[in-house]
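Student: Quick check, what structure comes out for this input:
(one chain, ligands or ions: 1)
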Amino acid sequence: MFESYDAEAMPTPPSLEPMDPWRRLATYRDRYEIDDRLEPVLRLEQSIRRREYRLGAAKRRVAELEKMLAECRHEAQVLTREITESRRLGALLVDEIIEKVRVEMGEAWSPRPIRAFRAWSVRLDGFYGATDSRWETPTMEATCLRNVPLEDIPHRQTGCGPPACGVYATKSLEFLGGGGKVDRHVAMGVVAMTGKVIEHEHGYRGARATAVAMVVRLGGQWLLSDAPKVIGAMFEDLPRAMVEHGSKDAPTEIEIADFLNRAKKEEEAWI
Ligand SMILES: [Zn+2]
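Tutor: Alright, predicted model coming up:
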């Protein structure tokens, strides 16, 4: 089985692998009558063939399952894509329906606060709303006389008034009266309305409003500010805030209107 070789002619070493014993056996069986000695070997060979058959079947199953797996993966991919697209479409439809209802019902909703104008009466101890309620902080939460637990405030129907509930604010400075004109004992400002907001032709009623810009005239002092810290100080102790942050220089009506209009636009909502 080992081939002789000429070292010069065959520089690569010969294979040292002995011949496969099964091939050798086949050769021997051809040459000699030895089958009566081969029973254990033949049995083994048979069991090898059985296993090879089973191996073949197992491999075919693996191939089938792999094909099924690939098909399932593809289907899952397609379904995932279809669900994502349908959800997106659904969200658009919902937006459209909500937008229609919103317009029909005059209800405003925005992910960002809605900014609008409003006025307060000014007294030495602070700011008062139309119903003579004092704003103790820059934020006022609406309440309703007909307050029913779990009902959203402000009520859409105005039957709970007059005036119907909600913190009121106007869309335009002109609706407050004099544009940039600030009378004695009146403060004008911009509020950011959050929560449920009912839209009316010229303004809103909101569940909550926070003063974000204020123009105050008290005595001979003026104070214009959109700094949360200063506005906080005004609501806490107005006379003191006027002394600390105010000025005797009276702004013009145009300056006041510009200041308030800018403050309103700063975070204008989409409506
Ligand atoms: Zn109400």
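Student: ok, A211 - how many residues close by?
Tutor: 26 (other Cβ atoms under 10 Å). Just so you know, the C-beta spots here come from the backbone N, C-alpha and C atoms, and that holds for glycine as well.
Student: does it really touch V191, like I thought?
Tutor: Yes: A211 lies in contact with V191 (Cβ atoms under 8 Å); the separation is 5.5 Å.
Student: what does the stretch 51-200 of the chain put close to the ion?
Tutor: Contact residues (Cβ under 5 Å from the ion) of the stretch 51-200 of the chain with the ion: C144, H155, C160, C165.
Student: Check which helix or strand the last one maps to.
Tutor: Okay, so that is C165. Assigned by DSSP states H and E, C165 falls within no helix or strand.
Student: Quick one: residues contacting it.
Tutor: A142, T143, C144, L145, R146, I153, P154, H155, R205 (Cβ atoms under 8 Å, 6 or more residues apart in numbering).
Student: Now render those as a markdown table, adding pLDDT, secondary structure and neighbour count.
Tutor: Listed next are these as a markdown table, based on pLDDT from 0 to 100; DSSP: H, G, I helix; E, B strand; the rest coil; neighbours: other Cβ atoms under 10 Å:
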| residue | pLDDT | secondary structure | neighbour count |
| --- | --- | --- | --- |
| A142 | 89 | coil | 21 |
| T143 | 85 | coil | 14 |
| C144 | 85 | coil | 15 |
| L145 | 78 | coil | 9 |
| R146 | 76 | coil | 12 |
| I153 | 82 | coil | 22 |
| P154 | 85 | coil | 26 |
| H155 | 85 | coil | 21 |
| R205 | 91 | strand | 27 |
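Student: give me every residue that touches the closest residue to H185 other than its chain neighbours.
Tutor: Nearest in space to H185, with sequence neighbours left out and distances taken as Cβ to Cβ, 6 or more residues apart in numbering, is V122 at 5.1 Å. Neighbouring residues of V122 by Cβ under 8 Å, 6+ apart: Y128, H185, V186, A187, V216, R217, L218, L238.
Student: will you turn the residues you listed into TSV that also has pLDDT?
Tutor: Shown next, in TSV, are the contacts of V122 (pLDDT from 0 to 100):
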residue	pLDDT
Y128	94
H185	85
V186	88
A187	93
V216	94
R217	90
L218	88
L238	94
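Student: State the pair within the residues you listed that is farthest apart.
Tutor: Y128 and R217 (14.9 Å; Cβ to Cβ).
Student: Those two: which is more packed in?
Tutor: R217 (22 against 16).
Student: did I read that right, that one in a strand?
Tutor: Yes: checked against DSSP: H, G, I helix; E, B strand; the rest coil, R217 lies within a strand.
Student: list the buried ones in stretch 164-172?
Tutor: A164, C165, G166, V167, Y168, A169, T170, K171 (16 or more other Cβ atoms under 10 Å).
Student: closest to the ion among these?
Tutor: Taking Cβ to the ion as the measure, the ion lies nearest C165 of those, at 3.2 Å.
Student: Give me the phi and psi for that closest one.
Tutor: Main-chain torsions, C165, degrees, to the nearest 10: phi -70, psi 160.
Student: where does the protein dip in pLDDT?
Tutor: 1-18, 106-111, 147, 149-150, 177-180, 267-271 (pLDDT under 70).
Student: any chance you could map the strands in it?
Tutor: 107-108, 114-123, 126-128, 134-135, 139-141, 167-170, 186-199, 203-218, 221-225 (DSSP state E).
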